[in-house]
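Student: for reference, the sequence and a predicted model appear below.
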Amino acid sequence: MGIAYLAGFLQARGHSVVQHYGHIEAVEYVLRRHGGEPVDKALATVRAPDATVLERHDARVLFERISAGIPSATEHFTVQRNNVICDSRLFKGDVGQILAAIDQRERHIFHDYFAEIELARIRAVTPDVVGISVADERQLVSACVLASLVREQLPRTRLLMGGNYWSRVTDAYRDPRFAVLFDHWDAIVYSEGFQPMADLVEGAHPATVPGVVRRDGDTVRLTPRTPAPVNYETLPTPVFDRGIRQWCPDFVPPLYTMSNCPMRCGFCSIAAGSDTFLHKPRVMSERRVAEHIAALGATRIDFVDEYLTIPRQLKIGRELARIGHRASWQCYLTASDQLLDPGRCQALAEAGCTAVQLGLESLDPATLRQEAKPWNHPANYGKILHNLYDAGIQVHVFIIVGVPGEPINRSLRWLSFLEEHGDHVLTIKSGRYRLTRRAPDELLATQHRLNGLQVIDGDTQPLNLNRDQFRYTTGGLSRKRVEAVRDLLEEACHRHWAYQITSSLPWWTNRGRYTLDELRTAAAHLRARRPAEPPVPAGHLKRSLSKVTSALHDELDLRVTLTSFEQARDTATRLRADDEQHAGAVS
C-alpha cells in the first residue's frame, strides 16, 4: 500500500516510478528453483478463477512440501497454510546481528533472486533513486541484503529505506553500531513518506528534510517529523504494479483512507509511522474514497485502515452507488454494540462490507479497560457474531492471551466461547501478548506503571518490534503458562469448521469471492476428499495441559487434572457457567 501511494504522489509531481513487489516474486523464485514445473502449475492454479477448491488445496500442499525441503543455514523458510514464513536464523534483533547477516549475504535465501532478477531490473531502469520498503523485522534482513547489493552495483544512485518498520525501532538509532549500516544506504524515512520522499527524490540533503534518519560522521541523527502532515483528501489515486499479481484470481487493491487509528489501545502501535500517531487522524472523505475505487476499476477492496467505522462504511456505500460503481470490501472494525442491531449489520452488508476483522482480545472486562478498549463488552460478543454471520459478513477474530494481570483461567474460557459461537466465525487468530514498541503499554511499562509486568533492563534487541525483555509479576502468570493456553486455543482453531478451507483459500482476497454458504459447502467437500489438517503435536498438547492444570490450581484452587483437550474445554464451559450464574445472582 505504501509504495503504491508514494508512486501516485511522485508521479503527480512529474517523476517516473517503477515498482516491484519483491515479497511476492522472491517467494515464487525460490519455490520454482526447488520445485520446477509443478510449482508453475500450482501458481497458475492459485490465480485461476475457475480452479476448484481441491486444486487450490493441492497447490497449497505442494508449496508446503517443497518449502519444507529447502535447505537454508540462515533462514527458516516455509509456506504454512495461508502464510509464508521467512525468519532469519542469524538475526534476533541485535544491531550487530544485522551487520553479520549482510556480511554473509550470499547465504541468504533470496540472495540469488536479488542478484539475478532484481538487480538486472534496477540496472535496466538506470534510476536516480532506489527506495526499499520494510514492513516489519521479518523483511529487514532481506531488505538490507538487497540494499547492500544495490549500493555495490550502483554506488552513485541515491538509496533510501522506508516503511512503517523504521518508525517503531527508533531506540536502535542510539546504538553506535547503527551508523555502519549507512554504508549500504543514504537515508531512512521513518515518518510518513509523502513529503520526505519527494524532497529527497528532488535532491534535498537529508539534514534538511523532516522525518529522516541519517549519518553525520559516526553519529546517527533524526530530523523532526513534518509540522504540516499531508492532507489525505489531496492524495492522488494510488498506482499499483499490475505486473506482479497477488496469489488471487482478481486484482484486490488495498486502500488506506485514514492517517492513523482514532483509538489508543494499550497494546497497539501499528500506526506509529503516522505523523499524527495517538492524535486525531486525518480522514479522507467518503466521496474521495469512492472516486479512488472507481479510478482503480476495482470491484473488491481490502481496506487496511486500523479501524473503518460503521458510519464511514455506510457513507462509502452510498457514494459508490451515487457514481454507479459496485464494490465490496473487507476492513477492521471494533466489536461495537451498534452491531447488536441486526438491521445495522444488514445495512453494512448492503453497503458493500462482506468481511470484518474484529479485535475481541479478551473476555475479561477488567483487562479490556486496562488495555483502553472499554467499548468491548464480552457479554455481547456472541450476539454480534451471530448478527454479522446472518448478514452474510465473514468474520475474523483476534484473541490475545497473556495480557499483564489477566489470569490464565480467564483466557481458558475462550475454549468454551469458541465451542458455542465458532459456527459464526470464519477465521481465528490467537496471539501471545507482546510488549510492542511505541505502544501506550510500553511507555507505562518503562515508567513502572503497567500492572503485572516489569521491563528487564538492558534492551539487547532494539531492532525487534516487540520487547521480549519483560517478566510477569502478578497472578502466577508466566510465559510458559501463557504459551500453554495459547496452544490449547490453537488446537481449538484446528478443530474449527473452516480451518481446512481457509488454509486452502488464503486471505480475504480469495475468500471474499465466496459467500459463507459456499464456503461451508466447500469445507464439507474438502473434508470428504482430503486428509484433515494435522493437530497440535500430542507431546506439545500434553505439556500445555499440565501447565494449565497447575495454573487453575494456583489461581482458583481448582483440583482438576486435564489430560485431553476435551477436558480443558469442558472445564472452561463450567467456568463460564459459574460466571453467568454469579452475574445473575448479582443482578
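Tutor: It's in.
Student: which residues in the stretch 401-550 of the chain form helices?
Tutor: Assigned by DSSP state H, counting those that start in this stretch, the helices in the stretch 401-550 of the chain fall at 408-421, 440-446, 479-494, 499-504, 507-511, 516-529, 538-556.
Student: could you export those as JSON lines, including mean neighbour count and distance to F194?
Tutor: Just so you know, the C-beta spots here come from the backbone N, C-alpha and C atoms, and that holds for glycine as well. Output for the helices of the stretch 401-550 of the chain, formatted as JSON lines (neighbours: other C-beta atoms under 10 Å; distance: least, C-beta to C-beta, whole Å):
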{"stretch": "helix 408-421", "mean neighbour count": "22", "distance to F194": "41"}
{"stretch": "helix 440-446", "mean neighbour count": "19", "distance to F194": "26"}
{"stretch": "helix 479-494", "mean neighbour count": "21", "distance to F194": "39"}
{"stretch": "helix 499-504", "mean neighbour count": "22", "distance to F194": "35"}
{"stretch": "helix 507-511", "mean neighbour count": "21", "distance to F194": "26"}
{"stretch": "helix 516-529", "mean neighbour count": "15", "distance to F194": "39"}
{"stretch": "helix 538-556", "mean neighbour count": "17", "distance to F194": "46"}
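Student: closest to D58 out of those helices?
Tutor: The closest of the helices of the stretch 401-550 of the chain to D58 is helix 499-504. By C-beta to C-beta, the value is 8.6 Å.
Student: hmm, back to that, with mean pLDDT and distance to A59 added, can I get the helices of the stretch 401-550 of the chain in a markdown table?
Tutor: Listed next are the helices of the stretch 401-550 of the chain as a markdown table, based on pLDDT from 0 to 100; distance: least, C-beta to C-beta, whole Å:
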| stretch | mean pLDDT | distance to A59 |
| --- | --- | --- |
| helix 408-421 | 98 | 29 |
| helix 440-446 | 96 | 40 |
| helix 479-494 | 96 | 21 |
| helix 499-504 | 96 | 8 |
| helix 507-511 | 93 | 12 |
| helix 516-529 | 98 | 13 |
| helix 538-556 | 96 | 28 |
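Student: of these, give the one that comes closest to R13.
Tutor: Checking the helices of the stretch 401-550 of the chain against R13 by C-beta to C-beta gives helix 507-511 as the closest, at 30.5 Å.
Student: now the helices of the stretch 401-550 of the chain in CSV, with distance to L10?
Tutor: Putting these into CSV (distance: least, C-beta to C-beta, whole Å) gives the following:
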stretch, distance to L10
helix 408-421, 46
helix 440-446, 34
helix 479-494, 42
helix 499-504, 37
helix 507-511, 26
helix 516-529, 40
helix 538-556, 49
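Student: among those helices, which comes closest to G93?
Tutor: helix 440-446 (14.9 Å).
Student: what is that closest one packed up against?
Tutor: If contacts are counted by 3 or more C-beta pairs under 8 Å, 6 or more residues apart in numbering; DSSP states H and E, helix 440-446 sits against strand 435-436, strand 453-455.
Student: among the ones you listed, which is the most enclosed?
Tutor: Of all these, strand 435-436 has the most neighbours on average by mean count of other C-beta atoms under 10 Å, namely a mean of 20.
Student: now do that one: which elements does it pack against?
Tutor: Under the contact definition 3+ C-beta pairs under 8 Å, 6+ apart, strand 435-436 sits against helix 440-446, strand 466-467.
Student: residues touching the closest residue to C268 other than its chain neighbours, list them.
Tutor: Spatially, and ignoring its direct neighbours in sequence, C268 is nearest to A439 (5.6 Å; C-beta to C-beta, 6 or more residues apart in numbering). Contacts for A439 (C-beta atoms under 8 Å, 6 or more residues apart in numbering) come out as 265-269.
Student: 6 Å instead?
Tutor: A439 makes contacts with 267-269, as judged by C-beta atoms under 6 Å, 6 or more residues apart in numbering.
Student: now E75
Tutor: By C-beta under 6 Å, 6+ apart, the contact set of E75 is 86, 88, 109.
Student: which elements pack onto the helix ranked longest in the chain?
Tutor: Longest helix in the chain by number of residues (criterion: DSSP state H): helix 565-586. Contacts defined by 3 or more C-beta pairs under 6 Å, 6 or more residues apart in numbering; DSSP states H and E place helix 565-586 against helix 408-421.
Student: try 10 Å
Tutor: helix 408-421, helix 479-494, helix 538-556 (3 or more C-beta pairs under 10 Å, 6 or more residues apart in numbering; DSSP states H and E).
Student: among the helices and strands packed on helix 440-446, which is nearest I428?
Tutor: Minimum separation from I428 across the helices and strands packed on helix 440-446 (C-beta to C-beta) falls at strand 435-436, 20.7 Å.
Student: partners of that closest one in the sheet?
Tutor: Strand 435-436 sits in its sheet next to strand 466-467 (antiparallel), going by DSSP bridges.
Student: which residues touch the strand it pairs with?
Tutor: 93, 136-137, 168, 171, 269, 432-437, 439, 441-442, 445-446, 455-456, 459, 461 (C-beta atoms under 10 Å, 6 or more residues apart in numbering).
Student: related to what we said a few turns ago, make CSV out of the helices and strands packed on helix 565-586 and add distance to Q11.
Tutor: Converted to CSV, the helices and strands packed on helix 565-586 look like this (distance: least, C-beta to C-beta, whole Å):
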stretch, distance to Q11
helix 408-421, 47
helix 479-494, 43
helix 538-556, 51
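Student: out of those, nearest to F114?
Tutor: helix 479-494 (34.3 Å).
Student: any idea how many residues pack against T367?
Tutor: Other residues near T367 number 23, with proximity taken as other C-beta atoms under 10 Å.
Student: helix, strand or coil for it?
Tutor: Recorded secondary structure, T367: helix (DSSP: H, G, I helix; E, B strand; the rest coil).
Student: got CSV for the contacts of A439, with secondary structure and distance to R574 too?
Tutor: Listed next are the contacts of A439 as CSV, based on DSSP: H, G, I helix; E, B strand; the rest coil; distance: C-beta to C-beta, whole Å:
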residue, secondary structure, distance to R574
F267, coil, 29
C268, coil, 33
S269, coil, 37
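Student: in PyMOL, how would I select just the buried ones from the residues you listed?
Tutor: Burial among those is assessed by 16 or more other C-beta atoms under 10 Å; the matching PyMOL selection reads:
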select buried, resi 267+268+269
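Student: any chance of the contacts of A439 in JSON lines, with pLDDT and distance to Q153 too?
Tutor: Shown next, in JSON lines, are the contacts of A439 (pLDDT from 0 to 100; distance: C-beta to C-beta, whole Å):
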{"residue": "F267", "pLDDT": "97", "distance to Q153": "42"}
{"residue": "C268", "pLDDT": "96", "distance to Q153": "39"}
{"residue": "S269", "pLDDT": "95", "distance to Q153": "35"}
